[in-house]
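Participant: from the sequence below, what's the structure:
(chains A and B)
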Amino acid sequence: MVKSTSKDAQDLFRSLHSAYSATPTNLKIIDLYVVFAVFTALIQVLYMALVGSFPFNSFLSGVLSCIGTAVLAVCLRIQVNKENKEFKDLAPERAFADFVLCNLVLHLVIINFLG
Amino acid sequence: MNLSRSVALISLFLLPLLSFSFSVDNPTDRRVLVLLEDLSLKSSHSIFFNTLKSRGFDLDFKLAEDSKLALQRYGQYLYDGLIIFAPSTERFGGSLDSKSIADFVDSGRDLILSADTSASDLIRGIALECGVDFDEDSSAMVIDHSSFSVSDVDGDHTLVAADDLVKSQVILGKNKIEAPVLFKGVAHSLNPTNNLVMKVLSASPSAYSANPSSKLTSPPHLTGPAISLVSVMQARNNARVVISGSLQLFSDKLFRSGVQKAGSPNKYEKSGNEQFVTELSKWVFHERGHLKAGSLVHHRVGETDEPAIYRIKDDLEFSVEILEWSGKSWEPYVADDVQVQFYMMSPYVLKTLSTDKKGLFHTSFKVPDVYGVFQFKVEYEKLGYTTLSLSKQIPVRPYRHNEYERFIPTAYPYYGACFTTMAGFFVFSFVYLYHK
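Facilitator: As a prediction, the model looks like this:
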């Protein structure tokens, strides 16, 4: 029984891996960026848990910049993904331009709130 | 017409006399009124009076019942010090009474009061005003069966040889009094909660106060260490009072006599009375232990003038000058226990001042992290010295908005994260656009 479940897990992982390799490169780049942003946010949360939340505005600013940019990247991925029927008519350049603009606004606000 | 003219003339003559009285710049008393119950005291206590005269005092001998006695005239005090050697006087003559003597001490002037056996109620009342309680039994004397002087002629052990002196160089002088002090008189006690009086000469643990000529029917209520033979009081206005239970303590006879304490092999040629009385009179007439302080000076480190307001966590320097009167001139005071408090409801900073041996006491500290209105307080109360109570108010403000640190060190990871994210976004957009 145990052997079959571990074999199932391995099979599952292998199938996921092979499915993921089939995605286009630009989507993989976006995924990498999202992982980096979330990872940076996690490090900040760990640091806050260690030393306390003294300059809370700086903590919020840092975490929100990472999470914000991750969210915008996810939006970009949704809009650019060719398999997504909902955004079939949206030009990928338009999506990227929205992404850049939103990020600029986000970082402006973040630097202001950083203190 | 004639009377008013003579009054005017007299006051004109009196005016220059005022320059000889004691003042803030010259605290030693000069003119002393000596009240005697009997003029023979002038000769039987001549050594004491002559030492006073040789130190520059102006002694005015009067009988206690002299009807022309007056301490003040036209609102000015005529004397700076008062010696009362009249233990059995019921009423003073002239305008003197227990209230006028209390006012005399209240004005900052000094008093030496001596009681003896059969002290009158007047003398007891004056002593009570100063915090000293004589034994109620008027025929009681101090008796000590193990600490009496061997030369006691009466044989009832009332001539006590006492050597329990207060340990204070300022009251009793630098030289130790080797020989015991001879005492024959009444006992008194002090209220232990009164912190203005203290015992200078205490009785030994085996002493008690009782009538020597009658048999004891009940245990005496004043015994042992509760008995004080000579006490001093320094009032809050720094007037000094010496109260002694024995008039003979000051007499030539006891000054010259040798002393040997019963049970002790040491025999002294001369009793400690003369040295004791001389040093005590120096203290009571402000020839020793009188301090004067200049104003408190404070400023920020690196500046010289006093700011109107400090900021929290400022570094400041504080100094005060304290001088001691040596009997003739002001000398720098040297001590290592003067402290300053930075006080607002409770002392936030308490520092001991260091001295440069020239009378300047200084220290430096950081203003605490609390804002409000503070006071620099120097409260110096050392045994035998005048009390110094100085204070200066200064406000302390918090940081202005532009005095905070620009970047908070604990937030550096957050700053780093924000800029890393921005850089990451920049790199990502390049890669995304130009990848193959």
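
Participant: SS state for residue B:243?
Facilitator: Following DSSP: H, G, I helix; E, B strand; the rest coil, residue B:243 is assigned to strand.

Participant: tally of neighbours for it?
Facilitator: By other CB atoms under 10 Å in any protein chain shown, 27 other residues sit near residue B:243. Using the backbone N, CA and C atoms, a C-beta is placed for each residue, glycine as well.

Participant: surely it and residue B:129 touch.
Facilitator: No: using CB atoms under 8 Å, residue B:243 is not in contact with residue B:129; the gap is 10.4 Å.

Participant: so which bits of chain A are right by chain B?
Facilitator: Within chain A, the positions lying close to chain B (CB under 8 Å from any CB of the partner chain) are A:25-26, A:29-30, A:33, A:36-37, A:40-41, A:43-44, A:47, A:51, A:54-55, A:58-59, A:61-63, A:65-66, A:69, A:73, A:96, A:100, A:103, A:107, A:110-111, A:114-115.

Participant: got a ChimeraX select line for the buried ones in these?
Facilitator: Buried subset of the residues of chain A next to chain B, written as a ChimeraX selection, criterion 16 or more other CB atoms under 10 Å in any protein chain shown:
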select /A:26,29,30,33,36,37,40,41,43,44,47,55,58,59,61,62,63,65,66,69,73,96,103,107,110,114
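
Participant: and residue B:182, its phi and psi?
Facilitator: Phi and psi for residue B:182, reported as degrees, to the nearest 10, are phi -90, psi 140.

Participant: residues contacting residue B:138?
Facilitator: Counting by CB atoms under 8 Å, 6 or more residues apart in numbering or on different chains, residue B:138 touches B:117-119.

Participant: gap between whatever residue of the stretch 251-400 of chain B ends up closest to chain A and residue B:310?
Facilitator: Closest to chain A within the stretch 251-400 of chain B is residue B:399: 15.4 Å, counting by CB to the nearest CB. According to CB to CB, to the nearest Å, residue B:399 stands 12 Å off from residue B:310.

Participant: for residue A:10, same thing?
Facilitator: 72 Å.

Participant: tell me which of these two has more neighbours.
Facilitator: The residue with more neighbours, out of residue A:10 and residue B:310, is residue B:310; 20 against 10, by other CB under 10 Å.

Participant: beta partners of the more buried one?
Facilitator: Following DSSP bridges, residue B:310 is listed with bridge partners residue B:396.

Participant: check which helix or strand residue 43 maps to.
Facilitator: Using chain A. According to DSSP states H and E, residue A:43 maps onto helix A:25-51.

Participant: chain B, not that one
Facilitator: Residue B:43 belongs to helix B:41-44 when assigned by DSSP H and E.

Participant: beyond that helix, next helix or strand please.
Facilitator: With DSSP H and E, the next secondary element past helix B:41-44 is helix B:46-54.

Participant: after that following helix, next one along is what?
Facilitator: Later in the chain than helix B:46-54, the nearest helix or strand by DSSP H and E is strand B:58-63.

Participant: who does that following strand touch, helix- and strand-wise?
Facilitator: Under the contact criterion of 3 or more CB pairs under 8 Å, 6 or more residues apart in numbering or on different chains; DSSP states H and E, strand B:58-63 touches strand B:31-36, helix B:46-54.

Participant: burial of residue 91, as a residue count?
Facilitator: Chain wasn't specified; assuming chain A. 11.

Participant: wrong one, chain B
Facilitator: By other CB under 10 Å, 12 other residues sit near residue B:91.

Participant: and if you look at residue B:166?
Facilitator: Residue B:166: 16 neighbours (other CB under 10 Å).
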